[in-house]
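Undergrad: Using only what follows, build the 3D model:
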Amino acid sequence: MVSERALFIINISLGITALLLLLVLLGIKLPTIGQAQYMLDKEEPKCAVSFGEELTAMADIDRCCLNAREQLGCHREQYQDLDWACSTGAGLKYHLNNKAYNYCRQQPYW
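TA: As a prediction, this is how the structure comes out:
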């Protein structure tokens, strides 16, 4: 026999599922965690390229995302006011702050 508490939890779960299905049926898109992080971050997206000791800012965030995606991988690395580094292991690195990194991850090619 199923307890009253278990039935209550099942009913709540079914209610939440029904609400989500209704939102999908109506075409309402809910933000993903990455989109929510991007919207809540008030900082401007920043991207820069470094080779050796020279750091050059990139104004075109979309080009930066494409170039960073072509690298072997990205990892958290503090460099000046930037939070992420994407590189192939050679001297060239693309540095992004959190806002730019979250923007890039939302792109379909990432």
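
Undergrad: Just give the nearest non-adjacent residue to residue 85, would you?
TA: Nearest non-adjacent residue to residue 85, counting by Cβ to Cβ, 6 or more residues apart in numbering: residue 77, 3.9 Å away. Heads up, the C-betas are built off the backbone N, CA and C, glycines and all.

Undergrad: Could you list the buried residues of the least confident helix or strand in the chain by mean pLDDT?
TA: Lowest by mean pLDDT, DSSP states H and E among the helices and strands of the chain is helix 33-40, with a mean of 73. Within helix 33-40, the residues scored as buried using 16 or more other Cβ atoms under 10 Å are 37-38.

Undergrad: After that helix, which helix or strand is next? Please name it.
TA: Sequence order places strand 47-51 as the next helix or strand after helix 33-40, per DSSP states H and E.

Undergrad: Bridged to the nearest residue to residue 80 once chain neighbours are set aside, which residues?
TA: Nearest residue to residue 80 in three dimensions, chain neighbours excluded: residue 55, at 7.2 Å (Cβ to Cβ, 6+ apart). Beta-bridge pairing of residue 55 under DSSP bridges involves residue 50.

Undergrad: Residue 55 and residue 73, how far apart?
TA: Remark: distance between residue 55 and residue 73 (Cβ to Cβ, to the nearest Å) = 20 Å.

Undergrad: Of these two, which one has the most company?
TA: residue 55 (14 against 9; other Cβ atoms under 10 Å).

Undergrad: Now tell me what touches the host helix or strand of residue 102 from outside.
TA: For residue 102, the element it lies in under DSSP H and E is helix 98-106. Outside helix 98-106, the residues within contact range by Cβ atoms under 8 Å, 6 or more residues apart in numbering are 34-35, 37-38, 41, 43-47, 61, 64-65, 68-69, 74, 83-84, 96, 110.

Undergrad: Just checking the distance from stretch 36-47 to the centre of its chain.
TA: Remark: stretch 36-47 is offset 10 Å from the chain centroid, using Cα atoms, centre = their mean, to the nearest Å.

Undergrad: Confirm the residue nearest to residue 85 sits in a strand?
TA: Yes - the assignment for residue 77, made by DSSP: H, G, I helix; E, B strand; the rest coil, places it in a strand.
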